[in-house]
Each structure stands twice: as structure tokens, then as C-alpha cells.
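1. sequence and predicted structure, then a few things I'm wondering about:
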Amino acid sequence: MKIDNTGKPLGPLGAKPNEVRSGAANKVSDAAAPESSSVNSKLSGVASNEATFDAEKVAAIRAAIAEGRFAVKPEAIADGLLSSVKELLAR
């Protein structure tokens, strides 16, 4: 398997190089633009309903990690993830 790390953007899967250059990729992105704008508006609405950044809480977590007192609770993470997905699906 060859890895291309030239920094050039890759085209869609299965596209030939001349299709990417001719603008075939732009047609795909233009068609998806209305959908992505509605997703962006939904995400901004969700973000505006969330609490603001709590610098004190972040500082406390950072100190706990540095001191080795921070414990990751996978059950709590899974429960939070499931509840947020359920909330998003209910909308």
C-alpha cells in the first residue's frame, strides 16, 4: 500500500485525476451545500443551548490529571453519549 503524503487534496473515491480537475468534485460539494447549511444551523442551535465554558472546572480537572487523581469512568461517558444521542434523535 502506497501512502501519498504530498499534501495534495485527494479526489472522491474511484474518480480519475481528470474528473477531479474538471470540477466533478465541485458538483458534489455544491449539491451538498443546502444540506450542510441546515446541519450547521441545527448545530449552532444546539451549541447556544449548552452552558458556557467553565474555566474553574477545567483548571480543577487539569490539576487532577497532573496529580494523578483523575479517573476516567467509561460507564459515565457511555451513559452521557447515549443520552445525548437519544436527545438528538428525538428532535
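-> Structure's in. What do you need?

2. who does the one helix or strand Leu88 maps to touch, helix- and strand-wise?
-> Assigned by DSSP states H and E, Leu88 falls within helix 74-90. Taking 3 or more Cβ pairs under 8 Å, 6 or more residues apart in numbering; DSSP states H and E as contact, there are no helices or strands that helix 74-90 lies on. (C-beta placed from N, C-alpha, C; glycine too.)

3. pLDDT on it, on average?
-> Here helix 74-90 scores 95 as its mean pLDDT.

4. lowest-pLDDT helix or strand in this protein?
-> Using mean pLDDT, DSSP states H and E, the weakest-scoring helix or strand in the chain turns out to be helix 17-21, at a mean of 51.

5. can you tell me the SS state at Ala71?
-> What DSSP: H, G, I helix; E, B strand; the rest coil gives for Ala71 is coil.

6. distance of it from Ser84?
-> Separation of Ala71 from Ser84 (Cβ to Cβ, to the nearest Å) stands at 22 Å.
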